[in-house]
Each structure stands twice: as structure tokens, then as C-alpha cells.
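*Asks:* next come a sequence and a model predicted from it.
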Amino acid sequence: MKTKVPFFDLTAQFKSIEEEIKSALDELFKTQQFILGSQVQALEEKIALYCRTRYAIGVASGSDALLLSLMALGIGTGDEVLLSPFTFFATAGSVSRLGAIPVFVDIDSETYNINPTKIEEKITSRTKAIIPVHLFGQCADMNPLFQIAKAKKLFVIEDAAQALGAEYKPTAGPEGRRAGQIGDLGCFSFYPTKNLGAFGDAGMVVSDHPDFAEKVRLLRAHGSQPKYFHKWIGINSRLDTMQAAILLVKFKHLETWTQERQKKAERYRLLFKDLLSTVKGLTLPTIQYQNRHIFHQYVIRVPERDRLKKFLAEEGIGTDIYYPVPLHLQECYSFLKYHRGDLPNSEKASEEVLALPIYPELTENEQTVVADRIKAFYKKLGSKGSRGQGVK
Ligand SMILES: Cc1ncc(COP(=O)(O)O)c(C=O)c1O
């Protein structure tokens with residue numbers, strides 16, 4: 001029987017921490033304190049320390065982390081916010097929810113992150129902020145982006161939903177800066193599939209600015225201070241105490257899990273090395289500068305992506321596409337009047353990217369099976385004489 005490899009599987013991880021999780025939940029059940037409380041505060045302290053920021057505020061999801069950060073900066077109707085269209089919808093959706101306008105900037109084809117050289121041409125008198133997304137677990141190129149933000153007095157909100165523990169390190173020298181630590185505010189998601197995943201929705205905002213942090217803290221609980229006296233119009237978006245209890249257990253393993261992901265990424269690189277010289281247009285993930293990439297996803301790129309995905313599915317290998325439609329071409333944004341061809345790097349990436357299974361518990365054998373089936377696909381393609389369609 002052929003070995004099947006799921007795209008993602010949390011069951012082995014759960015087994016390894018089952019008893020710890022159950023006893024953490026038992027403790028909580030005894031107290032019956034389900035809103036905020038000591039678990040949320042403890043997690044906030046751990047995440048702040050980990051991200052090397054002064055403050056961390058637990059919220060209900062990564063999407064709300066973005067929304068609350070924008071609210072804290074006073075971004076609203078008619079304001080323009082620059083961001084990449086090659087991201088999960090929440091990055092732009094949070095901007096639109098506030099009546100502000102997402103302005104899409106094309107990506108760098110190698111890192112899939114916002115291309116800083118394309119930012120300046122999109123700035124107008126209405127531009128208020130930039131949201132760099134650290135896609136797949138690698139930081140966007142923050143130094144050139146910051147130079148522009150500083151010169152034009154724009155806020156920077158990092159969408160670090162996929163990048164907890166990633167580091168931006170453009171030069172050799174001293175240690176890099178952590179995702180979330182670099183901008184005015186940083187946003188994280190603990191969606192179950194993230195490197196640190198809850199058993200449901202959860203998120204976090206980090207910041208070094210006392211005023212922004214305090215405002216997010218108030219806004220996540222309807223802006224009240226003290227209770228029933230409302231200074232701001234906020235929302236209900238607290239990090240669930242049960243999720244915090246679970247995340248505190250999982251957090252202890254995060255560094256080990258990240259190192260495992262990095263090892264899998266390196267192993268894929270070695271397994272695919274010989275394909276690079278025979279398969280036309282195959283690209284493996286690149287690590288920019290001396291960055292610390294945490295490999296939330298391992299994304300390869302091939303011109304015949306859809307055929308490869310179908311072949312792998314038939315062979316029992318799970319893959320996924322992040323993201324099949326860049327945001328500027330989404331139906332809900334047709335009113336913004338973008339056209340195909342406007343942001344060519346993002347559009348091409350959406351046709352070619354394919355995420356392969358990567359998670360700490362993925363075995364060496366499973367990785368070998370993934371690589372062998374991809375090699376089998378190209379062998380078949382080559383023997384059919386499909387020259388110019390992927391095989392050199
Ligand atoms: C880049 C990015 N931004 C924002 C989010 C939103 O996070 P959440 O699903 O926790 O709302 C996600 C995660 O799904 C994401 O990957």
C-alpha cells in the first residue's frame with residue numbers, strides 16, 4: 001500500500017502533550033474563571049518576552065489583532081493603507097472594515113513579501129499606514145520599508161500572523177529583530193494550523209508603544225475604563241482563557257517545533273537539489289539575508305502547478321495553494337478597479353505556488369515519499385516529451 005502524507009496533521013502533536021493540556025484545563029475548570037485572568041496575562045508576558053516587546057495584548061484572533069491595531073492608530077474612512085495582495089484576506093479585510101482603502105503593492109518574486117521599491121509610487125496624501133506581511137514565516141524587507149515610512153510619516157503594522165519567532169537580520173553583525181518587534185504594532189494569529197496553534201481562534205497584538213498598547217487593551221473590551229464607562233468605541237475581542245491555558249502548554253514546545261520545521265525545510269532542499277537543474281521554472285523557498293525563517297509553510301513554485309497538485313492528490317500527498325487569487329482581483333474588491341496585469345508578480349505567484357506538507361512531526365520517510373512522488377511526476381512529464389512545459 002502506498003504511503004499517504006496529509007498536508008497537515010495535528011494528532012501526533014496532541015498525543016505528545018495530551019496529559020499537560022488536560023491538566024491545564026482541569027485547573028481552569030476548577031476556578032470557573034473563563035474571561036481574561038491569570039492564564040491570559042501569563043501568555044501575554046511570555047509572548048512579549050519572546051517577541052522582545054514591552055507589551056502584548058491577547059485578542060480573539062489574528063484578524064481582530066489587525067483590526068484593533070488599525071483602530072488604535074485611528075485609521076478610518078477614506079484613509080489609505082498599503083499592503084501586499086499576496087496574503088490571507090484578513091490583511092485587507094481589516095482595513096476595509098474600518099472604511100479605509102487597501103492599496104495593493106506588488107511583491108518580490110523570491111520572498112513573496114511586499115517589494116519596498118514599489119511602495120513610494122503608491123503613496124498619496126491620504127496614505128496613513130503600511131502593513132508588511134511576513135509571509136510563510138519570513139520577515140518582509142523592513143529596513144527600506146521603514147525608511148519610506150519614516151520619511152512620509154506612515155505607521156507600520158506588521159502582519160506577523162505566520163511569523164511568530166521569525167527574525168529580520170539584513171546584516172551579519174548583532175542579533176536580528178523579531179517579527180512584531182519592528183513596527184509600531186505587530187499582529188499574531190494562533191489559528192490551529194499556525195506554528196503556535198490554539199484549539200480554536202486566538203490572536204495577539206505586540207508593541208513597544210505604551211499608548212498604542214493601552215488603546216488596544218481598552219478597545220478589545222468595548223473601550224471601557226473603568227467598567228461601564230466607555231472612553232472609546234471598541235469591540236468584544238478578548239483572548240479566550242481556555243485558549244490561553246492551552247497556548248501556555250504549547251508555548252513551552254515552540255522553539256523545538258520551530259527547529260523541527262527548519263530541519264524539514266533543509267531536508268526538502270537537499271531532496272530537491274537535483275530537480276533544480278532538470279525542471280524548468282522550479283523554485284524552492286529562499287532565505288533573504290541572514291533572516292531566521294520559521295517555515296510556517298514550505299512553498300515551491302512550478303509553472304505546471306495545477307497538474308502537479310492533481311497528480312500528488314491522486315498519489316495521496318496533500319498540498320495546498322496560498323493563495324490562488326491575489327486580493328486585488330477578488331470579487332469583493334472589484335470596486336477598487338484593479339485589472340489583471342496590474343500586479344504581475346503577485347498574479348504569477350498565485351498561478352505557480354504550491355505548499356508542501358511541513359510540520360514538526362512530519363517523518364523523514366514521509367518527506368522522502370513527497371519528494372519521490374514529485375520526481376515521478378517530472379519523470380512522467382519528461383517521458384511524454386513535454387518540452388518547454390516544465391522539464392528542461
Ligand atoms: C497573513 C495572515 N494574516 C491574518 C491572518 C488572520 O488570522 P486569524 O485566522 O487568526 O484571524 C492570518 C491567518 O489565518 C494570516 O495568515
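*Replies:* Yep, it's here. Residues are numbered from 1 along each chain as shown.
*Asks:* can you check the pLDDT for whichever residue of the chain sits closest to the ligand?
*Replies:* Closest approach between the chain and the ligand, counting by CB to the nearest ligand atom: Gly62, at 2.4 Å. All C-beta spots, glycine's among them, are computed from the backbone N, C-alpha and C. Gly62 is assigned a predicted lDDT (pLDDT) of 98.
*Asks:* same question for Pro210.
*Replies:* Predicted confidence (pLDDT) for Pro210: 98.
*Asks:* mind listing what it touches?
*Replies:* 54-55 (CB atoms under 8 Å, 6 or more residues apart in numbering).
*Asks:* pLDDT weak spots in the stretch 201-350 of the chain?
*Replies:* Within the stretch 201-350 of the chain, not a single segment meets pLDDT under 70.
*Asks:* close to the ligand: what parts of it are there?
*Replies:* Within the stretch 201-350 of the chain, the positions adjacent to the ligand are 201, 203 by CB under 6 Å from any ligand atom.
*Asks:* re earlier: out of everything not next to it in sequence, what's closest to the residue of the chain closest to the ligand?
*Replies:* Of all residues not flanking Gly62 in the chain, Ser189 sits nearest, at 2.5 Å (CB to CB, 6 or more residues apart in numbering).
*Asks:* could you do Thr286 as well?
*Replies:* Glu110 (4.9 Å).
*Asks:* ok, that neighbour - contacts?
*Replies:* 283, 286, 288.
*Asks:* compute the number of surrounding residues for the residue of the chain closest to the ligand.
*Replies:* Burial of Gly62 is recorded as 27 neighbouring residues (other CB atoms under 10 Å).
*Asks:* okay, and the beta partners of Ala56?
*Replies:* Ala56 forms beta bridges with Val206, as assigned by DSSP bridges.
*Asks:* so how far is Pro170 from the nearest residue to Thr117 once chain neighbours are set aside?
*Replies:* Nearest non-adjacent residue to Thr117, counting by CB to CB, 6+ apart: Pro144, 7.4 Å away. In this view, Pro144 and Pro170 are 9 Å apart by CB to CB, to the nearest Å.
*Asks:* could you do Asn236 as well?
*Replies:* Taken as CB to CB, the span from Asn236 to Pro170 is 40 Å.
*Asks:* ok, the two, which is more surrounded?
*Replies:* A count of neighbours by other CB under 10 Å puts Pro170 above the other of Asn236 and Pro170, at 16 against 9.
*Asks:* three-state assignment of that one?
*Replies:* coil (DSSP: H, G, I helix; E, B strand; the rest coil).
*Asks:* residues contacting it?
*Replies:* 141-143, 289-290.
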